[in-house]
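A.B. asks: using only what follows, build the 3D model:
(one chain, ligands or ions: 1)
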Amino acid sequence: MSSSSSDNKPSDNQLANKSQAWSALFSEPMSDLVKRYTASVFFDKRLWAADIQGSLAHAEMLTAQGILGQDDHAAIQRGMAQIKSEIEAGSFDWKLDLEDVHLNIEARLTELVGIAGKRLHTGRSRNDQVATDVRLWLRGEIDELLLLLNALQLALVEVAEKNAEVILPGFTHLQVAQPVAFGHHLLAYVEMFARDAERLVDARRRVNRLPLGAAALAGTSYPLDRERVARTLGMEGVCQNSLDAVSDRDFAIEFSAAAALVMVHISRLSEELILWMSQSFGFIDLADRFCTGSSIMPQKKNPDVPELARGKTGRVVGHLMGLITLMKGQPLAYNKDNQEDKEPLFDTVDTLKDTLRIFAEMAAGITVKPEAMERAALKGYATATDLADYLVKKGLAFRDAHEIVAHAVKTAIGSGVDLSQLPLAELQKFDARIGEDVFELLSLRGSLNARNILGGTAPAQVRAQVARHRARLRG
Ligand code: ARG
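C.D. replies: Next up, the predicted model:
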């Protein structure tokens, strides 16, 4: 059985040479403004490789099913190979009149191979075609993003290992709380990025399903083998309802949500890098190549890269809002609204890829200033909890110990010294059970080492986590 298109969207005899891709039904041409408004080719041409890949899988199946002849199949393969090289060479003539990537490629195919090109669209609609293309494209991008997330995590793990013993003040409410290892602090971000990767892997499963075969909305009367196409394209299954298949963009929204969270994590890290690099903190320095100067203040070195990343989080979160709102209120099945999914997705992917790449490099080049970190940790009575814990181990209830230590801290503040600088006799006024052994615990290092619990900040735990992450990321 050989046949021309079952979909009345791109009218066959107009695809190849005429300026308008529409059927004979239309009696007046589109205005230039409407053409520009409705066309997507200038952004969706980015989907060309997925479009060709999907078309070849479709053609192969049509042939296997006896719907397309061997000669037509060979012609389509030949034509597509030529189109691929034209696009790669930059010589492909993208036409606004042909509206989108799909019609542009199909028209060129027909120009190159004639009638076989006109048969390709049998049993297919641009509705299931575009949904397939976006999924194929996004699947590839997710795989790249996973590699980049992996590289960023490894870079952070590397810096964490080198700084397993370096102490900085841990904050809550941005007030000095307890000493933590700088390595431990960085590994908190590794956890975030690890969850981000998990989310992407999970979203990928739902991205990787095949809409083709749904045709315009209701399925097709041709005996297509959808499972075969799915297998050819390495997809995990076929979309099971034709109406849903052509109109579902959940996969894009889910991806966008996962991407927004990646950027939120990047933004949190950025904020810390910016604070840490400020003169008031002075905890780190970023390599010059990630910073810029000021055109008026010669002394300035500004952390532009993390600032921009923090700013770009806004657009990625914005794209999520755009996509989710795009879906709201759409009746089944395909609506042209869905053409608006592409630019936000493209920009999300571009922003994430650049940001992850640059952060992996930047993290590897951080200069850590341990003395400044430690000095800051000494300032805010960061070991007060350790004194309370000490008293609990001597038999006090924690609430009572908490109260006693509050008095001790008040006294220390009054004398302008750290808890560890109060003489033993002074400390014993708060509780007679305090002994000489308290001073080891009141030191930053004593406090750090004491938190030798799974997930805690003791250097031994940090090293154990470093090893776990390495095995996970390299394995
Ligand atoms: N350019 C369109 C899109 O991105 C392709 C599908 C068009 N389908 C249609 N029936 N007009 O969604």
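A.B. asks: where does the stretch 1-150 of the chain come near the ligand, residue by residue?
C.D. replies: Residues of the stretch 1-150 of the chain lying close to the ligand by C-beta under 6 Å from any ligand atom are 9, 40, 44, 100, 126, 127, 130. To be clear about C-beta, it is placed using only N, CA and C from the backbone, and glycine gets the same treatment.
A.B. asks: go again using 5 Å as the cut-off
C.D. replies: For the stretch 1-150 of the chain, the residues in contact with the ligand (C-beta under 5 Å from any ligand atom) are 40, 100, 126, 130.
A.B. asks: quick check: chain neighbours aside, which residue is closest to the third one?
C.D. replies: This means residue 126. Once flanking residues are discounted, residue 126 sits nearest to residue 102: 5.1 Å by C-beta to C-beta, 6 or more residues apart in numbering.
A.B. asks: ok, how many other residues are close to that neighbour?
C.D. replies: Residue 102 has 27 neighbours, counted by other C-beta atoms under 10 Å.
A.B. asks: for it, what is the enclosing helix or strand?
C.D. replies: According to DSSP states H and E, residue 102 maps onto helix 101-113.
A.B. asks: buried residues in that helix, which are they?
C.D. replies: By 16 or more other C-beta atoms under 10 Å, the buried positions in helix 101-113 come out as 101, 102, 103, 104, 105, 106, 107, 108, 109, 110, 112, 113.
A.B. asks: quick one, strands of the stretch 301-450 of the chain?
C.D. replies: Using DSSP state E, counting those that start in this stretch, the strands of the stretch 301-450 of the chain run over 367-368.
A.B. asks: would you pull up the residue in it closest to the ligand?
C.D. replies: Residue nearest to the ligand within the stretch 301-450 of the chain (C-beta to the nearest ligand atom): residue 339, separated by 3.6 Å.
A.B. asks: returning to that earlier point: who does the helix holding residue 102 touch, helix- and strand-wise?
C.D. replies: Judged by 3 or more C-beta pairs under 8 Å, 6 or more residues apart in numbering; DSSP states H and E, helix 101-113 is in contact with helix 12-15, helix 41-44, helix 48-64, helix 70-89, helix 115-119, helix 126-162.
A.B. asks: between the fourth one and helix 48-64, how many degrees?
C.D. replies: Note on geometry: by axes from the mean of the first three to the mean of the last three C-alpha atoms, to 10 degrees, helix 70-89 and helix 48-64 are set 170 degrees apart in direction.
A.B. asks: for helix 70-89, packing partners?
C.D. replies: Packing partners of helix 70-89 (3+ C-beta pairs under 8 Å, 6+ apart): helix 48-64, helix 101-113, helix 115-119.
A.B. asks: can you tell me what sits against that helix?
C.D. replies: Helix 70-89 is contacted from outside by 2, 45, 48-49, 52, 55-56, 59-60, 62-63, 68, 92, 105, 108-109, 112-117, 119-120, using C-beta atoms under 8 Å, 6 or more residues apart in numbering.
A.B. asks: buried ones in stretch 83-90?
C.D. replies: Buried, per 16+ other C-beta under 10 Å, within stretch 83-90: 83, 84, 87.
A.B. asks: chain center to it: distance?
C.D. replies: Distance of stretch 83-90 from its chain centroid, counting by C-alpha atoms, centre = their mean, to the nearest Å, is 29 Å.
A.B. asks: picking that back up, I figured the residue nearest to residue 126 hits residue 130, correct?
C.D. replies: Yes - Residue 102 is in contact with residue 130 according to C-beta atoms under 8 Å; the separation is 6.6 Å.
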